[in-house]
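Undergrad: quick one: sequence plus predicted model below, questions after.
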Amino acid sequence: MNHDVAVVGAGPAGLATAVTAARAGCRVALLDSAPRLGGQFWRHGASESSGREHQAWSVFAALRADLLDSEVDYTAAAAVWFVESTPDGFRLQVTGHPPVRARRLVVATGAYDRALPFPGWDLPGVVTPGAAQALLKGSGVAVGARVVVAGAGPFLLPVATGLLAAGARVAGVYEAGEPLRYARRPGAIALGKLAEAARYAATLARHRVPYRTGHAVVAAHGESAVSSVEVGRLDRHGAVVSGSRRSIGCDAVTVGYGFTPQLELPLALGCGTWLDVDGSLVLEVDVAGRTTVPGVYAAGEVTGVGGADLALTEGRLVGAVVALASGRRSPYPDSVLTRMLDRRASQRRFARLMHEVHAPPAGWPSWLDDSTLVCRCEEVPLARVRAAVTDLGATDARTVRGLCRTGMGWCQGRTCGYATAALTARLGGRALTAADLVAYARRPIAQPVPLAELAGPADQSGGKRYRPA
Amino acid sequence: MSDVLVVGAGIVGAACAYYLSRAGVRVTVLDAGPIAGGTSSSGEGNLLVSDKPPGPELDLALRSARRWEEIAEDLGADPIEYERKGGLMVAGTAAEQERVAALAAGQRAVGVAVTELAGDRLADYEPRLVGGLAGGAYYPQDAQVQPMLATAHLLRGLDVRCGTRVEAIETGPGGAVIGVRAAGATRLRADAVVNATGVAGGELAATAGTRLPIAPRRGFILVTAPVAGSPIRHKVYAAGYLGGVASDDAGLQSSLVVEGTKAGTVLIGSSRERVGFDPAYPLPVLRRIAAQAVALFPFLAAVPVLRAYRGFRPYTPDHLPVIGPDPRVPGLWHACGHEGAGIGLAPATGALIADLVTGADPGFDPAPFSLARFT
Ligand SMILES: Cc1cc2nc3c(=O)[nH]c(=O)nc-3n(C[C@H](O)[C@H](O)[C@H](O)COP(=O)(O)OP(=O)(O)OC[C@H]3O[C@@H](n4cnc5c(N)ncnc54)[C@H](O)[C@@H]3O)c2cc1C
Ligand SMILES: Cc1cc2nc3c(=O)[nH]c(=O)nc-3n(C[C@H](O)[C@H](O)[C@H](O)COP(=O)(O)OP(=O)(O)OC[C@H]3O[C@@H](n4cnc5c(N)ncnc54)[C@H](O)[C@@H]3O)c2cc1C
């Protein structure tokens, strides 16, 4: 069947898009690689009770009920591994399912944690906050018994309180940014956000969890797994203040510096991108969520990391926009649409402030030593990345990949792409560019797919025996 | 001031610069982008004699094979990942095996080392190959390098200016080359310019008022997830490969090469299409390459593909590169159009350019590569 619109990603943005467009009468296909609805924010386990302690669970429950009530053609465990534009729209290849065709495409594929390397980050027990959170939300398990939570961004707080709720001890929360700077722009923060932050702060205080700003985990130590981390105070440039390092015992540490939007599908279609203030590569969209490629829309983290509330707002807007583009009536009166546009503008302003406050500390490369692995899959140490630039003449991140294999292994640069690109720029004495990041984000095959599935139906492959082409 | 400006920092420009500077010539290399940012970073690094029938290209490939060995001694084999891995050509049918045998006989006569194999011997070389193949041939001289590393190491220590697009080759009142004009209106002066701009060769030549018939031929490669235990030991080609290399059909051809890498991934290449610079990744092409690989190595069926990438081979109407002086513009030299063999052919190309520019005797007749053949 040919759909009016295919939505990829069933997180806050994709769910809201699908429900809104379907309410307006569109034939909608919704695809997500996860086994259940909700995306990263509302990730939950199989049991009925699972997830009730999530933020804004009632919003999710309502969206889910609307979705189940609607005619949306939702497929779970459906990873989109390839997208093509066709004369009448788009065709998506989906692992384990038949291809999906639609006239319009909405990209709501969200983001994953952005990691920065540091000595010892390849030890077992060092995880991203997203991975810790996914374990917690998906199966109710804490990553460790005594956990250090570090990195930058408001996301550290729900991770820490989630771990506490699951019975883990949190040995400290180390935020590299300076959240006090929020106070200088009070108007930008919605009251709800302040209340939320206050609740987290109260929980941390109740459990006597130290909360330090301007601090970072700069090394992890241990034999077969992490047993301690080194925490240091950062100066204005993000370098460690001498004499400020101290050791903290733990059996797990979560470290993440914001998020990296997942852009394989729009990049394969040629959508334009730009470098957001947080250093993320994001899609270029207009006020209606249209990308630079006709028929391709985007909502949520892929248009700029900004959190679940913004993702919901954008999803609703884009749902209305694709409905109108499909010749349906708007699901909202104009006054509501105007209010949504205003809300999005203020949520974007807040996101911008958040990025300024929680920017990855510029001096992070000074925490590394020559043997620190930048790319874990291919075991590429800092020294080789530096040699590619200073000795072999690489001037951009793509050439660095070709000369020292960063991003060529399992993760295809999902983990090391940002760090390699930032290091390359720094070693070359210039600023990071979108082109550096595109080199590590472009993956025409968006998800790993078995060769047999890529090859297509058996009758096309010429059978088992080799036949001349 | 340099004696020679080499335009293009791909494998061919790098080899030209390497041999020119060893001949005592002062060289400056200019590239619009980074080093090895063109076709040299978007193909594979097979250094093959097996896929070439007797003729000028095979002669050049054999010369190049010897030069790659010397380069590996000079620069070190490990830094450029040079490896004499050997290649296994396999034939599906008796008719194909006859063609393989005929090719091998001709190649042997001009100095290629090759052993013909009956179908039941193939498993000694590649235990995981599909059963029931008719036969094949083993080529111990087939080798490989990592093209980007090789380019970077050949260029090491030379004057290389990245991010310098050459907008025009400039000639003096007598029509001879006086230098180039680069982006930002900078002018570089030299009596000799080597055009090593790969698929852009025709465009650059046109700025000097001369014609070089070079067009792109698109190709795709698949990379799998790492597989444990090095299941594929050599380069393995299906005999249909030859058809793909030498055909004039504009449509899709895929000439299969499957090989394991040190990192454990398997590289599967590659297709050939004449579709201009079409940037698309058409699924039917990727499907075809995947299907051929699975047919040859059934265990690959379950192995995930991590990546597909694409390149544009610079090709000429007769599929031979253009190497030598431009007959119309004194001081302009071309080293372009190596199609799917530029990595393999780069050292012999660079050495030939160095000999011709310095007036040394190359020791063989370069006429088959002369631009004069198209005029
Ligand atoms: C691991 C993790 C945990 C988080 N936990 C919290 C938290 O506790 N509190 C908080 O405030 N914020 C949290 N965040 C941030 C928050 O999740 C985001 O702000 C919000 O989810 C963004 O919504 P979205 O719809 O844009 O994307 P997402 O919620 O990320 O949804 C994107 C969906 O797209 C799917 N997808 C991606 N690519 C494909 C493909 N090729 N084929 C099919 N499906 C695909 C994914 O499976 C995913 O379900 C978390 C983020 C991450 C990465
Ligand atoms: C899929 C595929 C597989 C392949 N496999 C093999 C293989 O296994 N073995 C093999 O031998 N060959 C192989 N090849 C072919 C090989 O890659 C090419 O023949 C070779 O890279 C050509 O090198 P080059 O230096 O001529 O061109 P390029 O590497 O493209 O270099 C040309 C350079 O010129 C620069 N340039 C262009 N215009 C200008 C200008 N105006 N000013 C300044 N700079 C400019 C470009 O930026 C570029 O860096 C393959 C090719 C493909 C596509």
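TA: Done, it's in. Numbers count the residues shown, from 1 in each chain, chains lettered A, B, ... in the order given. Ligands and ions are numbered 1, 2, ... in the order given.

Undergrad: part of a helix, is residue B:218?
TA: No. Looking at residue B:218 with DSSP: H, G, I helix; E, B strand; the rest coil, it is strand, so not inside a helix.

Undergrad: quick check: it touching residue B:278?
TA: Yes. Using CB atoms under 8 Å, residue B:218 is in contact with residue B:278, at 6.6 Å. Every residue, glycine included, has its C-beta placed from N, CA and C.

Undergrad: the more surrounded of these two?
TA: Residue environment comparison for residue B:218 versus residue B:278 gives the larger neighbour count to residue B:218, 22 against 13, counting by other CB atoms under 10 Å in any protein chain shown.

Undergrad: what's across from that one in the sheet?
TA: Under the criterion DSSP bridges, residue B:218 forms beta bridges with residue B:273, residue B:312.

Undergrad: residue ranges for the helices of chain A, please.
TA: Per DSSP state H, chain A has helices spanning A:12-23, A:57-69, A:129-139, A:156-165, A:191-206, A:264-269, A:308-325, A:334-357, A:382-390, A:397-404, A:417-427, A:434-441, A:451-455. These are given in chain order.

Undergrad: pick the most buried one from these.
TA: helix A:12-23 (a mean of 30; mean count of other CB atoms under 10 Å in any protein chain shown).

Undergrad: so how far is it off the chain centroid?
TA: Its chain's average C-alpha position is 20 Å from that of helix A:12-23, according to CA atoms, centre = their mean, to the nearest Å.

Undergrad: and the angle from it to helix A:308-325?
TA: Orientation of helix A:12-23 against helix A:308-325 (axes from the mean of the first three to the mean of the last three CA atoms, to 10 degrees) gives an angle of 30 degrees.

Undergrad: now helix A:12-23: average pLDDT?
TA: Along helix A:12-23, the predicted confidence averages to a pLDDT of 97.

Undergrad: do the same with stretch B:276-292
TA: Along stretch B:276-292, the predicted confidence averages to a pLDDT of 87.

Undergrad: any part of that stretch near ligand 2?
TA: No. Using CB under 6 Å from any ligand atom, stretch B:276-292 stays clear of ligand 2, with a minimum separation of 10.2 Å.

Undergrad: that stretch close to chain A?
TA: Yes. Applying CB under 8 Å from any CB of the partner chain, one finds stretch B:276-292 touching chain A at B:279, B:281-283, B:286-288, B:290-292.

Undergrad: any idea which of these is closest to residue B:225?
TA: When those are ranked by distance to residue B:225 (CB to CB), residue B:290 comes first, at 13.7 Å.

Undergrad: now the closest one: how far from residue B:354?
TA: When CB to CB, to the nearest Å is applied, the distance between residue B:290 and residue B:354 equals 42 Å.

Undergrad: with residue B:309 instead?
TA: Computed with CB to CB, the distance linking residue B:309 and residue B:354 is 32 Å.

Undergrad: those two - which one has more neighbours?
TA: Between residue B:309 and residue B:354, residue B:354 has the larger neighbour count (other CB under 10 Å), namely 25 against 19.

Undergrad: helix, strand or coil: sort out the residue lying closest to that one once chain neighbours are set aside for me.
TA: In space, not counting the residues next to it along the chain, residue B:354 is nearest to residue B:19; the distance is 3.7 Å by CB to CB, 6 or more residues apart in numbering or on different chains. Classification of residue B:19 using three-state DSSP returns helix.

Undergrad: got the contact list for residue 58?
TA: Defaulting to chain A. The contact partners of residue A:58, taken as CB atoms under 8 Å, 6 or more residues apart in numbering or on different chains, number zero.

Undergrad: think we crossed wires, I meant chain B
TA: Contacts for residue B:58 (CB under 8 Å, 6+ apart) come out as B:49, B:52, B:107, B:110, B:112.

Undergrad: does stretch A:115-124 reach ligand 1?
TA: No. Stretch A:115-124 stays clear of ligand 1 (CB under 6 Å from any ligand atom), getting no nearer than 11.6 Å.

Undergrad: just the buried positions in that stretch, please.
TA: A:115-121, A:123 (16 or more other CB atoms under 10 Å in any protein chain shown).

Undergrad: need the residues that contact stretch B:170-187.
TA: Residues from elsewhere that reach stretch B:170-187 (CB under 8 Å, 6+ apart): B:5, B:7, B:30, B:32, B:164-169, B:188-193, B:208-209, B:328-332.

Undergrad: close to chain A as well: tell me which of these qualify.
TA: The residues of the contacts of stretch B:170-187 that also fall near chain A, by CB under 8 Å from any CB, amount to none at all.

Undergrad: just the buried ones from the residues you listed?
TA: Of all the contacts of stretch B:170-187 considered here, the ones buried according to neighbour count by 16+ other CB under 10 Å are B:5, B:7, B:30, B:32, B:164, B:166, B:169, B:188, B:190-193, B:208, B:329, B:331-332.

Undergrad: for residue A:324, what are its contacts?
TA: Applying CB under 8 Å, 6+ apart to residue A:324 gives the contacts A:24, A:330.

Undergrad: biggest helix in chain B by residues?
TA: Among the segments of chain B that qualify as a helix by DSSP H, the longest is helix B:56-75.

Undergrad: and the residue lying farthest from the centre of chain B, how far is that from residue A:368?
TA: Outermost residue of chain B with respect to the C-alpha centroid, by CA atoms, centre = their mean, is residue B:173; its distance is 36.8 Å. Summarising the geometry, the distance separating residue B:173 from residue A:368, computed by CB to CB, is 58 Å.

Undergrad: which regions of the stretch 101-250 of chain A lie under the pLDDT threshold?
TA: Scanning the stretch 101-250 of chain A for pLDDT under 70 picks out the ranges A:183-191.

Undergrad: now swap in the stretch 251-375 of chain B and tell me
TA: Screening the stretch 251-375 of chain B residue by residue with the criterion pLDDT under 70, one finds the ranges B:251-254.

Undergrad: number of nearby residues for the residue in the stretch 101-250 of chain B that ligand 1 sits nearest to?
TA: Relative to ligand 1, the nearest point of the stretch 101-250 of chain B is residue B:225 (16.9 Å; CB to the nearest ligand atom). Per other CB under 10 Å, the neighbour tally for residue B:225 reads 18.

Undergrad: now it: phi and psi?
TA: For residue B:225, the backbone dihedrals (degrees, to the nearest 10) come out as phi -70, psi 160.

Undergrad: so who does the closest residue to it other than its chain neighbours touch?
TA: Ranked by CB to CB, 6+ apart and with sequence neighbours excluded, the top spatial neighbour of residue B:225 is residue B:304, at 4.6 Å. For residue B:304, the contacting residues are A:448-451, B:224-225, taking CB under 8 Å, 6+ apart as the criterion.

Undergrad: cool, and residue A:152?
TA: With CB under 8 Å, 6+ apart, residue A:152 has these contacts: A:175-177, A:256-258, A:358-361.

Undergrad: same deal with residue B:88?
TA: B:117, B:122, B:125-126, B:136-139, B:234-237.
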